[in-house]
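Colleague: Provided below are the primary sequence and the corresponding predicted coordinates.
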Amino acid sequence: MTVRLYDTRSQALREFDPVVPGRVGIYVCGPTVQSSPHIGHLRSALSYDVLRRWLAHRGLAVTLIRNVTDIDDKILDAAPRSGSEWWAHAYRVELEFAAAYRAIGVQEPTYEPRATGHIGGMLDLIARLVDAGHAYPATDDSGDVYFDTASWPDYGSLTRQSGDALVSGDGEGRARRSPRDFALWKGHKSGEPESAAWPSPWGRGRPGWHIECSAMAERYLGTEFDIHGGGLDLRFPHHENELAQSTAAGSPFARLWVHNGLVTVGGQKMSKSLGNSVFAADLLGAARPVVVRYALAAAHYRSDLDHHAGALVEAEEAVSRIERFLVRAEDEGATPAVVPIPHAFAAAMDDDLGVPQALAVLHETIRRGNQALDAGELDLAGEAAAAVRLMAGVLGVDPLDPAWSAGVREDGSAEALNALVERLIAERQTARESRDWAAADRVRDELAAAGIVLTDTGGGTRWSIDGR
RNA sequence: GGUGGGGUGGCCGAGAGGCGAGGCAACGGCCUGCAAAGCCGUGUACGCGGGUUCGAAUCCCGUCCCCACCUCCA
């Protein structure tokens, strides 16, 4: 049983074949911490979270490296506007990302290296490239160092774009041999903070955009590793350049390139100029975290995902259905069981993470479980419930996972509310027994007005807060 | 223009030659005091025009439209 993944470079489904048997090294491009996390960042992180969970489920020892790029033009630009030093700005944004990731159940990466902590590794890599004749210092006194694309025939192999179209915006107007060449190192410019410059053989300066990922991937995963991931928008120039500089420096680099699809909002590209960005905080303010996760993880990771009014409502309904079944199974005494994950689910996940089909299996299992409960077949129901928890757990969308309530302060209000509602339920029951339907319905209506829904079941009346 | 990816029922979203994934919504039924939940059932869906085939959403030809990247972006 092997996992197949779509590899961007070969444009084909490839069987996952680890460099080291039983282990998998994954490098994912994390954020450039310049501004608050948005829906696209969450979707991306979620894609690789599901990937690593599945590979781990398959028994592989996963090393997941997700970097933080904390030195960059954009950060230097943004920091003054927030009245902060660039490093303070970057760190504050990094904390926002961490909080958002944690909220939706993205597991911590094995390590989360920062670019600023790896300047030495970058300089080593640049030196290797210069020595090998694949990089050169600028001919002017800028202190820049460029990658020499003309010296590397494979340049462009990841995205197969014609040579003429490959123009890097980096180092515009400064001394480079070709507009395709990109900056590995940027000489310090007057006006830039002194704290944003590091010494180098080519003068004081800071790293170019792509070099940090090459350096950090090699440091933590070695010169050849299994999977490199990132957003579709990073294919060019970022990943193309990463691939070129690493391979030109003599590293085989990533075996598989995986790219997640982008998120549109109401069918439109999300952009600052359109002002239609949906931030993590917006989503988490609109729905409970497990619902946000479901909404962003339910589509296949490679497809475009359109976020629209109602998306969270639909996700809430789907999550509630899972939750209602699990709660019902427990309430009605379904026999606890230990079951393997359903074959159809595993087959779907093995096939390039077919989450949509996997969710179909999950929902079918719920239906069979409900059928079993209807028929009083508690063994079957218990097996279904166990399978559902297993599947939902792998996808990280088990509504009953204690992780979703971790951090929620327990102040006794839940018990207090429960006592009050149970009293009203008892009152209603008395009315029902004396066939006073008007009085019984009044209780139900009053609770409904407060957002509390009553459900009569074989085993008594349950209550829940609307939508939970 | 170059490079990729798409157009599927009211909505979301899979599939990729042959019993109409799954979710949401809708309608009918069972259950219920009534509901809710649950279960059962109901949809002549595959951009358009041709073609191949016993059979096409799936293959071929043509055609229209959309999106992303090519400049910073998950």
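Modeller: In hand now; what should we look at?

Colleague: do stretch A:374-382 and RNA strand B come into contact?
Modeller: Yes - against RNA strand B, stretch A:374-382 shows contacts by C-beta under 7 Å from any atom of the strand at A:D374. Where you see a C-beta, it was placed from the backbone N, CA and C, and this is true even at glycine.

Colleague: closest point of the stretch 101-250 of chain A to RNA strand B, which residue?
Modeller: A:G231 (2.1 Å; C-beta to the nearest atom of the strand).

Colleague: show me what that residue is bridged to.
Modeller: Note on A:G231: beta-bridge partners by DSSP bridges are A:N260.

Colleague: for A:F147, same thing?
Modeller: The partner residues for A:F147, given DSSP bridges, come to A:A135, A:F182.

Colleague: give me the neighbour count for it.
Modeller: 30 (other C-beta atoms under 10 Å).

Colleague: check A:D233 too.
Modeller: Residues within reach of A:D233, counting by other C-beta under 10 Å, total 15.

Colleague: thought A:V263 was touching it, still the case?
Modeller: No - counting by C-beta atoms under 8 Å, A:D233 sits too far from A:V263 to count as a contact (10.8 Å).

Colleague: helix or strand: which one has A:L76?
Modeller: Per DSSP states H and E, A:L76 falls inside helix A:73-81.

Colleague: and RNA strand B, is that helix touching that?
Modeller: Yes - part of helix A:73-81 sits near RNA strand B under the criterion C-beta under 7 Å from any atom of the strand, namely A:K74.

Colleague: cool, stretch A:432-439 as well?
Modeller: Yes - contact of stretch A:432-439 with RNA strand B (C-beta under 7 Å from any atom of the strand) involves A:432, A:437.

Colleague: give the contact list for the residue of the stretch 101-250 of chain A closest to RNA strand B.
Modeller: A:29, A:40, A:44, A:259-260, A:262 (C-beta atoms under 8 Å, 6 or more residues apart in numbering).

Colleague: out of these, who's near RNA strand B?
Modeller: Within those, those near RNA strand B by C-beta under 7 Å from any atom of the strand are A:29, A:40, A:44, A:260, A:262.

Colleague: out of the contacts of A:G231, who's nearest A:S157?
Modeller: Distances from A:S157 to the contacts of A:G231, taken as C-beta to C-beta, are shortest for A:H259 (15.2 Å).

Colleague: what's the nearest residue to that closest one if we skip its chain neighbours?
Modeller: A:L232 (4.6 Å; C-beta to C-beta, 6 or more residues apart in numbering).

Colleague: A:V93 now?
Modeller: In space, A:V93 is closest to A:V33, 4.0 Å off (C-beta to C-beta, 6+ apart).

Colleague: list the residues that contact the one you found.
Modeller: A:68-70, A:75, A:89-91, A:93-94, A:97.

Colleague: one more time with 10 Å
Modeller: By C-beta atoms under 10 Å, 6 or more residues apart in numbering, A:V33 lies in contact with A:68-72, A:74-75, A:78, A:89-97, A:114-115.

Colleague: tally of neighbours for A:P179?
Modeller: Neighbour count of A:P179, defined by other C-beta under 10 Å: 15.

Colleague: now swap in A:A426 and tell me
Modeller: A:A426 has 12 nearby residues by other C-beta under 10 Å.

Colleague: and what of the one 5 residues further on?
Modeller: Using other C-beta under 10 Å, A:A431 has 17 neighbouring residues.

Colleague: flag the shaky bits of the stretch 101-250 of chain A, pLDDT-wise.
Modeller: A:162-174 (pLDDT under 70).

Colleague: turn the ones next to RNA strand B among the contacts of A:G231 into a markdown table, columns for neighbour count, secondary structure and pLDDT.
Modeller: A markdown table is the format used below for the ones next to RNA strand B among the contacts of A:G231 (neighbours: other C-beta atoms under 10 Å; DSSP: H, G, I helix; E, B strand; the rest coil; pLDDT from 0 to 100):
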| residue | neighbour count | secondary structure | pLDDT |
| --- | --- | --- | --- |
| A:C29 | 23 | coil | 93 |
| A:G40 | 24 | helix | 91 |
| A:S44 | 28 | helix | 93 |
| A:N260 | 25 | strand | 91 |
| A:L262 | 18 | coil | 87 |
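
Colleague: before we move on, back to that, restricted to buried residues, select the contacts of A:V33 in PyMOL.
Modeller: Only the buried members of the contacts of A:V33 enter the following PyMOL selection, criterion being 16 or more other C-beta atoms under 10 Å:
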select buried, chain A and resi 68+69+70+71+72+75+78+89+90+91+93+94+96+97+114+115
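
Colleague: tell me what A:E15 is bridged to.
Modeller: Beta-bridge partners, per DSSP bridges, of A:E15: A:R4.

Colleague: thought it was touching A:V3?
Modeller: Yes - if you go by C-beta atoms under 10 Å, A:E15 and A:V3 touch, sitting 7.5 Å apart.

Colleague: fine by me, thanks again.
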